[in-house]
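**Q** after the sequence you'll find the predicted model.
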Amino acid sequence: MVLSKLVPVIALVTMSSAAAASGICGAAEERMQAAVSTYKSEGSAAFMREVLKNGPLAEDKRALGQDQALNQIEQFFGPVQAYSTLSKKPLGSRTCYLVGIIEYDNGPAFAVATFYRGAKGVGATAMFFRTEPEAVLPKQLLVE
């Protein structure tokens, strides 16, 4: 009798945790999409400000300085054209690990970011960019 009452409660808690976890990744993906739109119209420094907004690194000069890596990528690949999320994985209820591809005129760059829902909202707590897919993606995905 007690077990039959407990099962629905366990199911509800599990579903609530999954919904909260997918919520953080949805918010992280929205933040990344907004940042890429800003990147297209205002440049890489504005992109970094948008990604880091609400996070603990929002005012960190070194984190904001990652726009230099994007500027170097643009020198070789041309202007940014599009963004797609390749993978998003909730890590707990407030953290999302996101891997995306930023497509430029002449090549891709891969973005890896950890987003966290803190007191101010969702913001990146870590991020890096690579032009080599093997530096970011599992080998099984790249080779058949």
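**A** Sure, I can see it.

**Q** what distance do you get for the residue nearest in space to the middle of the chain to Phe76?
**A** By C-alpha atoms, centre = their mean, the chain has its centre lying nearest to Leu98, at 3.8 Å. Applying C-beta to C-beta, to the nearest Å, the value for Leu98 to Phe76 is 24 Å. The C-beta positions use only the backbone N, C-alpha and C, and glycine is treated the same way.

**Q** ranges for the strands of this protein?
**A** 80-90, 95-104, 107-118, 121-130 (DSSP state E).

**Q** any chance you could list what contacts the third one?
**A** Outside of strand 107-118, the residues within contact range by C-beta atoms under 8 Å, 6 or more residues apart in numbering are 24-25, 27-28, 31-32, 51, 54-56, 70, 73, 76-77, 86, 91, 94-102, 122-133, 135-137.

**Q** for stretch 97-116, how far is the first residue from the last?
**A** End-to-end span of stretch 97-116 (C-alpha to C-alpha, to the nearest Å): 9 Å.

**Q** state the mean pLDDT of that stretch.
**A** Across stretch 97-116, pLDDT averages out at 96.

**Q** now it: buried residues?
**A** 97-98, 100-104, 108-113, 115-116 (16 or more other C-beta atoms under 10 Å).

**Q** show me the shaky parts of this structure.
**A** Across the chain, residues meeting the criterion (pLDDT under 70) sit at 1-22.

**Q** which residues in it form helices?
**A** 2-42, 44-52, 61-64, 67-77, 139-142 (DSSP state H).

**Q** residue contacts, Gly100?
**A** Gly100 neighbours (C-beta under 8 Å, 6+ apart): Met32, Tyr83, Ser84, Thr85, Leu86, Phe110, Ala111, Ala113.

**Q** pretty sure the fourth one contacts Arg31?
**A** No: proximity of Thr85 to Arg31 does not meet the contact threshold set by C-beta atoms under 8 Å, at 11.2 Å.
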